[in-house]
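Student: When you get a sec, could you give me coordinates for this:
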Amino acid sequence: MHVCYVTHRYPPQSGGVETHVEQLATRLLARGHDVTVVAADARETDAHDPEERPASRDDGDTTGRDDGDTTRRDNEHTTRDDGVEVHRVSAFAPGGNVYAAPGIVPAVWRVVRGVDSAVGARPPPDVVHVHNYHAVPFVLGGLTAWLATDARLVVTPHYHAGSDDASRDKLLTLYRPFGAATLARADRVIAVSDWERRQLEASFGVDATVVPNGVVRERFDGAAGSDQGDAAAGESRPYLLTVGRLEQYKGVQHVISALPELPAYDLRVAGSGAYGEQLREHAAETGVSDRVEFLGYVDDDQLPGLYANAAAHVTLSTHEAYGMTVAESLAAGTPVVVREAGALVDWTTTTGVVGLDDPSPSVVADAVRRAVGGPSPDPTAVPTWETVTDELLAVYTGRSDAGVSGAVSRYTVGHKC
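Tutor: Below you'll find the predicted structure:
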């Protein structure tokens, strides 16, 4: 089978969607399938500096990706990354948003027509799988594939209904008819959480199959008690952990505000981003600067130990379609405190997860104490990427009516007319 993924970005860029696509692509390749990726991050990749990444990666290696076979045309280049053929086109992405990339259209057209490959002749894809409703390549790639080929069109929107940016929400309102048209023409729509499935149904009348993200469980074997968690700070005090981009909507400021009521704990913040300086100022104003360590970008081999040795992982984000860091923490056996917002609400019925709807200091502090003193998570309860890949292969071949989450299958079939 030949599968073509279309996405706004692909590693070495970091993020949840980027990790999701990479995990699927590399696993399908390892199983003997052909895989092509079309991404709109040529400028970012050309200028990539691993020290300037905006966030901690949730899993996957970030080094040694380019296998050396590179071809270029105007505003586009093609590489072999870990064996995966990746076509990268340039995009206009102010503030890391939108990813307006008209070059996606000819790039996808060439791939789906079987006329462009860095490795020579290749048959057209059997499946085109488009990701991330919130970026323009979702529409451009999806509609191009629908028009140019009879390949099965699968879409995973990673849809979170809104954002913390009013101007971006206005753009999404204008974009909505085109996103809806892409969803309507898909042969299968996949949601990564039951919350996302409900949002897609409410916003577009779309019935989606739930296939969640996975984890690389082997990464966490033996992580508890390792020195990885202590390597960053060299301290033995118990610590709370946050992981992800430093943006206001991620809610790290609320964890900092709760520290005066949690004198037994320090806080380690893994990730970097535009809100970092405000968080440092907030820690100083709260009088806890000496108890907060900003780790910046954390290499993948350090994250399992940080998770496993934390007293609790706290994520108070308001906009998530799944909650990858929650899955990572549970796989490490570490309890989690989540805000009951977005898809994070789905985790609150999971053993080892405590939810809260009010991020005030006393409520956050109480939730942390309950998480630390509550039942331990079951690391095997989180699906692995291998299981997710099995389920997606069944979706690609039309053999699956339910996701590995056990959710009832409900999906749309678009018809060309």
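
Student: Run through the stretch 1-150 of the chain and note the low-pLDDT ranges.
Tutor: 45-76, 116-121 (pLDDT under 70).

Student: Let me see the ranges of the strands in it.
Tutor: 2-7, 34-39, 71-73, 76-81, 84-89, 127-131 (DSSP state E, counting those that start in this stretch).

Student: can those strands go into JSON lines with extra columns for mean neighbour count and distance to V326?
Tutor: For the C-beta atoms, the positions are set from N, CA and C on the backbone; glycine is no exception. Formatted as JSON lines, the strands of the stretch 1-150 of the chain follow (neighbours: other CB atoms under 10 Å; distance: least, CB to CB, whole Å):
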{"stretch": "strand 2-7", "mean neighbour count": "26", "distance to V326": "22"}
{"stretch": "strand 34-39", "mean neighbour count": "26", "distance to V326": "26"}
{"stretch": "strand 71-73", "mean neighbour count": "13", "distance to V326": "40"}
{"stretch": "strand 76-81", "mean neighbour count": "20", "distance to V326": "28"}
{"stretch": "strand 84-89", "mean neighbour count": "26", "distance to V326": "27"}
{"stretch": "strand 127-131", "mean neighbour count": "28", "distance to V326": "20"}
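
Student: now these in a markdown table, with distance to W385?
Tutor: Below are the strands of the stretch 1-150 of the chain laid out as a markdown table (distance: least, CB to CB, whole Å):
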| stretch | distance to W385 |
| --- | --- |
| strand 2-7 | 14 |
| strand 34-39 | 14 |
| strand 71-73 | 29 |
| strand 76-81 | 17 |
| strand 84-89 | 15 |
| strand 127-131 | 15 |
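
Student: And the ones you listed: which comes nearest V210?
Tutor: strand 127-131 (15.6 Å; CB to CB).

Student: among the strands of the stretch 1-150 of the chain, which is nearest S376?
Tutor: strand 127-131 (33.5 Å).

Student: Quick check: can you list the domain ranges of this structure?
Tutor: 2-214+384-396, 220-380 (automatic domain parsing).

Student: on that earlier part again, quick one, which of the strands of the stretch 1-150 of the chain gets closest to G214.
Tutor: strand 127-131 (15.1 Å).

Student: what about stretch 10-21, start to end distance?
Tutor: 7 Å (CA to CA, to the nearest Å).

Student: do stretch 202-209 as well
Tutor: Taking CA to CA, the first and last residues of stretch 202-209 lie 15 Å apart.

Student: buried ones in that stretch?
Tutor: By 16 or more other CB atoms under 10 Å, the buried positions in stretch 202-209 come out as S203, F204, V206, A208, T209.

Student: Regarding this structure, what is its longest helix?
Tutor: helix 166-184 (DSSP state H).

Student: my read: R88 touches A101, true?
Tutor: No: between R88 and A101 there is no contact under CB atoms under 8 Å: 9.7 Å.

Student: who touches both of these two?
Tutor: Taking CB atoms under 8 Å, 6 or more residues apart in numbering as the contact rule, R88 and A101 both touch A40.

Student: P304 is nearest to which of the strands of the stretch 1-150 of the chain?
Tutor: Among the strands of the stretch 1-150 of the chain, strand 76-81 sits nearest to P304 (CB to CB), with 23.4 Å.

Student: helices or strands up against that closest one?
Tutor: Judged by 3 or more CB pairs under 8 Å, 6 or more residues apart in numbering; DSSP states H and E, the packing partners of strand 76-81 are helix 42-46, strand 71-73, strand 84-89.

Student: If we go by neighbour counts, what in stretch 352-360 is buried?
Tutor: Within stretch 352-360, the residues that qualify as buried by neighbour count (16+ other CB under 10 Å) are G352, V353, V354, G355, L356, P359.

Student: ok, those residues vs L316, which is closest?
Tutor: Among the buried residues of stretch 352-360, and counting by CB to CB, the member closest to L316 is P359, at 5.4 Å.

Student: Just give the nearest non-adjacent residue to that closest one, would you?
Tutor: Leaving aside its chain neighbours, P359 sits nearest to H254 (3.9 Å; criterion: CB to CB, 6 or more residues apart in numbering).

Student: where does the one you found land in three-state SS?
Tutor: Following DSSP: H, G, I helix; E, B strand; the rest coil, we place H254 in the helix state.

Student: Which SSE is immediately downstream of the longest helix of the chain?
Tutor: For helix 166-184, the following helix or strand on the C-terminal side (DSSP states H and E) is strand 188-191.

Student: Rounded mean pLDDT for the helix or strand following that following strand, please.
Tutor: Counting by DSSP H and E, the next helix or strand C-terminal to strand 188-191 is helix 194-204. Mean per-residue pLDDT for helix 194-204: 96.

Student: how about helix 194-204: buried residues?
Tutor: So, applying 16+ other CB under 10 Å, buried residues of helix 194-204: D194, W195, E196, R197, Q199, L200, S203, F204.

Student: Also stretch 140-151?
Tutor: Result for stretch 140-151 [16+ other CB under 10 Å]: buried residues L140, G141, G142, L143, T144, A145, W146, A148, T149, A151.

Student: Name the residues that touch that stretch?
Tutor: 4, 6, 38, 101-102, 104-105, 108-109, 112-113, 124-128, 130, 153, 155, 178, 181-182, 185-186, 414, 416.

Student: Buried members of those into PyMOL, please.
Tutor: The buried residues among the contacts of stretch 140-151 can be selected in PyMOL (16+ other CB under 10 Å) with this line:
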select buried, resi 4+6+38+101+104+105+108+109+112+124+125+126+127+128+130+153+155+182+185+186+414
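
Student: in the stretch 251-400 of the chain, which spans are helices?
Tutor: 252-258, 276-286, 303-309, 324-331, 361-373, 385-396 (DSSP state H, counting those that start in this stretch).

Student: That's all I had, so thanks and see you.
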